[in-house]
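Visitor: give me a 3D structure for the following:
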Amino acid sequence: MPPLVIQEHGRPCRLLLGGDAWGDGPTLQEAADDLVDRVMRHAAALRAGGFRCPTDLSPPDPRWLDFLYEVGEIAARGGDVRRLILGMPDGLGQAA
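Guide: As a prediction, the model looks like this:
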């Protein structure tokens, strides 16, 4: 699980997941939604074979690719990827 960092500069919030993905929004909730959406797009591209890294950049960290693969697998089974991406333990964030 890549580390999740919260940054707030004035009103906009940014969630950074490792050094590989981020989510922005005027609130923490909207930044989390944006982050989940971005990670899901990365995971879908990896599963579809459309994840490419330019040759002039260093290759992505294999742990990041493993994480994206796991996110894609959980999503394909209909699981809760939000918990994995945001690092939420089971039971946290569920409606009472």
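
Visitor: where does Gly25 fall, phi/psi-wise?
Guide: Main-chain torsions, Gly25, degrees, to the nearest 10: phi -180, psi 160.

Visitor: how far away is Arg41 from Glu8?
Guide: Between Arg41 and Glu8 the computed distance is 24 Å (C-beta to C-beta, to the nearest Å). Heads up, the C-betas are built off the backbone N, CA and C, glycines and all.

Visitor: kindly apply the preceding question to Pro26 instead.
Guide: Applying C-beta to C-beta, the value for Pro26 to Glu8 is 11 Å.

Visitor: over to Ser58?
Guide: Distance from Ser58 to Glu8, by C-beta to C-beta: 30 Å.

Visitor: more crowded one of those two?
Guide: Glu8 (11 against 7; other C-beta atoms under 10 Å).

Visitor: bridge partners for the nearest residue to that one once chain neighbours are set aside, pull those for me.
Guide: Once flanking residues are discounted, Glu8 sits nearest to Arg14: 7.5 Å by C-beta to C-beta, 6 or more residues apart in numbering. On the basis of DSSP bridges, Arg14 is bridged to Gln7, Asp24.
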